[in-house]
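Enquirer: Sequence first, then the predicted structure:
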Amino acid sequence: MKLLYFLTLFPTLVFGQNIKLICEENSLIDYVDDKFIKLDVSNQIELQYTFNKELSFLNEAHHNLNYKYMGEDKVSYHFRIETDFSFNTLILYKNIYRYERNIFYPRSTSVKKTFFGSCYKLDNLLAINTI
């Protein structure tokens, strides 16, 4: 019974053909300065993501970036984008509406910063909620 109650509190995110998420970055780890930073409300950035399964990319409207769909595992979906300055990965978790965005140094596997956020709104027409 407790498990059923727990699963009801944390709906599962499943991708259909298209999905829209609105997420809010609320903290980060800065590996350059070796510190954790909790963003206050005035510094938080609202990000809108639209996933198109046919084209296999996730668009981030705030920066107009297209992340390539790299696949999924049991707990998350994985996306990646390369720019001239860095490459970024975006992980969307299936069981909770959270994500993390990693910024790497150019041509390196060393992470510069990791941003954490909560996805607080789903467009139910484009998102499939399994509960």
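Expert: Good, I have the coordinates. The structure presented is a predicted model; accordingly, all values stated were derived computationally and were not measured. Residues are numbered from 1 along each chain as shown.
Enquirer: all strands for the chain, in order.
Expert: 13-14, 18-30, 35-38, 45-52, 57-60, 65-72, 76-82, 87-93, 98-104, 111-122, 128-129 (DSSP state E).
Enquirer: Each with direction, which strands does the fourth one pair with?
Expert: Looking back up the chat, that one is strand 45-52. strand 18-30 (antiparallel), strand 57-60 (antiparallel) (DSSP bridges).
Enquirer: what's across from the residue most central in space within the chain in the sheet?
Expert: For the chain, the residue sitting closest to the mean C-alpha position, by C-alpha atoms, centre = their mean, is residue 99 at 3.5 Å. In this structure, residue 99 bridges to residue 92, residue 117 when assessed by DSSP bridges.
Enquirer: So it sits against residue 89, correct?
Expert: No: using C-beta atoms under 8 Å, residue 99 is not in contact with residue 89; the gap is 10.5 Å. Quick note: C-beta positions are derived from backbone N, CA and C, even for glycine.
Enquirer: mind putting the strands paired with strand 45-52 in TSV, distance to residue 36, mean pLDDT and mean neighbour count included?
Expert: Formatted as TSV, the strands paired with strand 45-52 follow (distance: least, C-beta to C-beta, whole Å; pLDDT from 0 to 100; neighbours: other C-beta atoms under 10 Å):
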stretch	distance to residue 36	mean pLDDT	mean neighbour count
strand 18-30	5	82	18
strand 57-60	23	85	19
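Enquirer: how about a markdown table for these, with distance to residue 80 added?
Expert: Output for these, formatted as a markdown table (distance: least, C-beta to C-beta, whole Å):
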| stretch | distance to residue 80 |
| --- | --- |
| strand 18-30 | 17 |
| strand 57-60 | 10 |
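Enquirer: With respect to residue 46, which of those lies nearest?
Expert: strand 18-30 (5.4 Å; C-beta to C-beta).
Enquirer: Tell me what angle that closest one forms with strand 111-122.
Expert: 140 degrees (axes from the mean of the first three to the mean of the last three C-alpha atoms, to 10 degrees).
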